[in-house]
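Q: sequence-free structure coming up:
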């Protein structure tokens, strides 16, 4: 591993970099168990919506503390099908954030609905419930709060606003497996919730996979029909639908990994604490500590005035960094200038000028964690210029 002393030397080869995520390491750590699960599926001979999917649906619902889980093909479909099952129709407006993966907004448009953006709270980096009332219109039907990076959105306040205006809620939990608010798992607050099990997620498959969860039996039945051609009886389409089924193989893999989720999340949080300790006094801003929430720490995202310089410093030390995401959705070429609310996002725009993701996944070795810590300690932010108290990216809560 390159030393700090050599941080101004040649850049290390990409293969030697400490990665932001390492799904292969997780797979190799559970190699035998995963092979056994795959063999179980091969031997059973039922490869679509069989016992593995049914068992995972039951186990995931039980873990979350909800009534129903419906496995689907991926997290994007999960958001789309949950919204459609909740009654969102083409032309309806759905309030969400621009600070998210494009998948959230793509899912809204997938069913013909119209995304409308509100700003984030600079502390949680999640949807600010106080911003919702001013953006409402007669076409508003639903809210999709995103638990970004594994930080729970303020669901109690969001639910209060939704109840006041008669809006549905579909939680986007793609990055928040196991996150909690006051001991209650995210995904259990809204009318429904969508999960992705993409390989780099806290609970990841070995390919695309997703799920919708809900306590509403009618909504659950609607999603079951929508995921498979509108069938309630085989080959009989009672309603229109599509093809978005969780694969038996992926369900079996998720069942192997689910019992380890809490321990791996705890390791993520422990690594994040060590990174935070290493950054103390550097001037870099950490994720805010939000009372009564349990962060799943899917990603460890910091804020720096000298973001690009810090990224270069870490890269020269053999540490990969990233930006989640390179630009907010409303600045993406496909969405630029066509989403209502895009001109009212000062905190979102400011955050994207300063945020940086550094490795915090649970398969980091002790040597790698120590090396990251040493590299972070070696960084020092330049002094903040006077008169910046009102600048949007300055955090309201100091940690």
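A: Good, I have the coordinates. What you see is a predicted model; the values in this text were computed from it and never measured. Numbering: from 1, shown residues only.

Q: list of residues touching the least confident helix or strand in the chain by mean pLDDT?
A: Least confident helix or strand, the chain: strand 231-233 with a mean of 85, by mean pLDDT, DSSP states H and E. Residues from elsewhere that reach strand 231-233 (Cβ atoms under 8 Å, 6 or more residues apart in numbering): 221, 225, 237, 238, 241. (Glycine included, C-beta is placed from N, CA and C.)

Q: next step: these restricted to strands.
A: residue 237 (DSSP state E).

Q: of the contacts of strand 231-233, just the buried ones, PyMOL syntax please.
A: Only the buried entries of these go into this PyMOL selection, using 16 or more other Cβ atoms under 10 Å:
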select buried, resi 225+241
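
Q: can you put the contacts of strand 231-233 in TSV and add pLDDT?
A: Converted to TSV, these look like this (pLDDT from 0 to 100):
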residue	pLDDT
221	97
225	97
237	87
238	87
241	92
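
Q: and the residue nearest to residue 19 when sequence neighbours are not counted, what does it touch?
A: The shortest distance from residue 19 to any residue other than its chain neighbours is 5.4 Å, reached at residue 320 (Cβ to Cβ, 6 or more residues apart in numbering). Shown in contact with residue 320 (Cβ under 8 Å, 6+ apart): 17, 18, 19, 20, 314, 359.

Q: these: which two are farthest apart?
A: Pairwise distances among these were taken by Cβ to Cβ; the largest, 12.3 Å, belongs to 19 and 314.

Q: neighbour count: these two, which is higher?
A: residue 314 (23 against 19; other Cβ atoms under 10 Å).

Q: distance of that one relative to residue 279?
A: Distance, residue 314 to residue 279, using Cβ to Cβ, to the nearest Å: 12 Å.

Q: joint contacts of the two?
A: Common neighbours of residue 314 and residue 279 (Cβ under 8 Å, 6+ apart) are 376, 379.

Q: quick one: which of the contacts of residue 320 has the lowest pLDDT value?
A: Across the contacts of residue 320, the bottom pLDDT score, 94, is held by residue 17.

Q: these two touch, right, it and residue 319?
A: Yes. At 6.7 Å, residue 17 and residue 319 qualify as touching, with contact defined as Cβ atoms under 8 Å.

Q: between those two, which one's more packed in?
A: residue 319 (23 against 18).

Q: quickly list what the more buried one is bridged to.
A: residue 18 (DSSP bridges).

Q: secondary structure class for residue 142?
A: The three-state label given to residue 142 by DSSP: H, G, I helix; E, B strand; the rest coil is strand.

Q: ok, now which ones touch the closest residue to it other than its chain neighbours?
A: Leaving aside its sequence neighbours, residue 142 sits nearest to residue 168 (Cβ to Cβ, 6+ apart; 4.2 Å). Residue 168 sits next to 83, 86, 87, 88, 141, 142, 143, 162, 190, 191 when contact means Cβ under 8 Å, 6+ apart.

Q: if you skip the residues just before and after it, what's nearest to the second one?
A: In other words, residue 86. Nearest to residue 86 is residue 168, by Cβ to Cβ, 6+ apart, at 4.3 Å.

Q: ditto for residue 257
A: Residue 257 sits nearest to residue 203 (Cβ to Cβ, 6+ apart), 5.9 Å away.

Q: part of a strand, is that neighbour?
A: No. Residue 203: not assigned to a strand; according to three-state DSSP it is coil.

Q: from residue 59, how far off is it?
A: For residue 203 relative to residue 59 (Cβ to Cβ), the value is 11 Å.

Q: who's more crowded, the two?
A: Of the pair residue 203 and residue 59, residue 203 is the one with more neighbours under other Cβ under 10 Å, namely 22 against 16.

Q: doesn't residue 258 make contact with the more buried one?
A: Yes. Counting by Cβ under 8 Å, residue 203 touches residue 258, with 6.4 Å between them.

Q: I'm done for today, thanks for sticking with me.
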